[in-house]
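> pasting the sequence and the predicted coordinates here, then a few questions.
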Amino acid sequence: MNDRTRRRREHREASTSRRQDGRVGVAMVGMAVVVWWPAFTLGAWGDLFFDQLLAVWAAATAAFVFVLVERRPVGVRLLRAFLLLLPSVWLALMFFINDEEEDLFVFLIDLGAILAVLIGLPFTLWLLVRIVWPEFGDATRVSTKWLIALVVVGVAVASFLLGLNHRAFLTCEDFTESGNSAPLDCTPEPEETPDPAPTPTTSAE
């Protein structure tokens, strides 16, 4: 093998590695972006907003339909389809919940909603990355997959803790100005004390 052929091969391998690194970065950043806000709201308000839950349902439903028609082995498709169907199952159960239900049942449904958002969003995004780049999963090392998972979990935990301690760096006005309702325990904006009026001076006669 001459030097030119070897350089071309090395260039192709380096180019492939850069593309793979870029895909890893897209997956890692994308998952961190979609998981931080639900985790923060869970810490600040102790609950998840309905738009977050419905966003998971919409994305999972679209991915569910794609998985059913993609050209992959049936076993792999059925497993993915089952996981992507869980948000729809949760949404259907919500129609049968009323105030007279047992607390344990309501707690399990709420826990399912939390897991659907915090796990469903990153999983759906991961699946979308696999759809766009089919070779991404096979070409990614196990250690890299663990790194992506640890970063996403770390961002989620940090966002949850920031939500719990929002009083330390956010005020009620910060929430309302961003278009959100203020948590009940938020910190009020410090009131500005007016400057004292100058005392009149009397001229000596």
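Okay, I see it. Numbers count the residues shown, from 1 in each chain.

> quick one: low-confidence parts of the protein?
1-17, 20, 96-102, 104-106, 131-137, 192-205 (pLDDT under 70).

> show me where it has helices.
3-44, 50-69, 74-94, 103-132, 136-139, 142-164, 172-177 (DSSP state H).

> okay if I get those helices as CSV plus distance to Leu184?
C-beta coordinates here come from the backbone N, C-alpha and C atoms, glycine included. CSV is the format used below for the helices of the chain (distance: least, Cβ to Cβ, whole Å):
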stretch, distance to Leu184
helix 3-44, 10
helix 50-69, 19
helix 74-94, 24
helix 103-132, 19
helix 136-139, 43
helix 142-164, 13
helix 172-177, 10
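
> could I get those as JSON lines with distance to Glu189 and mean neighbour count?
Shown next, in JSON lines, are the helices of the chain (distance: least, Cβ to Cβ, whole Å; neighbours: other Cβ atoms under 10 Å):
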{"stretch": "helix 3-44", "distance to Glu189": "17", "mean neighbour count": "15"}
{"stretch": "helix 50-69", "distance to Glu189": "27", "mean neighbour count": "16"}
{"stretch": "helix 74-94", "distance to Glu189": "37", "mean neighbour count": "15"}
{"stretch": "helix 103-132", "distance to Glu189": "31", "mean neighbour count": "17"}
{"stretch": "helix 136-139", "distance to Glu189": "47", "mean neighbour count": "13"}
{"stretch": "helix 142-164", "distance to Glu189": "19", "mean neighbour count": "16"}
{"stretch": "helix 172-177", "distance to Glu189": "5", "mean neighbour count": "14"}
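
> among those, which is nearest Thr187?
Closest of those to Thr187 is helix 172-177, at 6.6 Å (criterion: Cβ to Cβ).

> what sits up against the closest one?
Residues from elsewhere that reach helix 172-177, judged by Cβ atoms under 8 Å, 6 or more residues apart in numbering: Ser181, Ala182, Pro183, Cys186, Thr187, Pro188, Glu189.

> same question, stretch 53-69
Against stretch 53-69 from outside (Cβ under 8 Å, 6+ apart): 77, 80-81, 84-88, 90-91, 113, 116-117, 120-121, 124, 127-128, 131.
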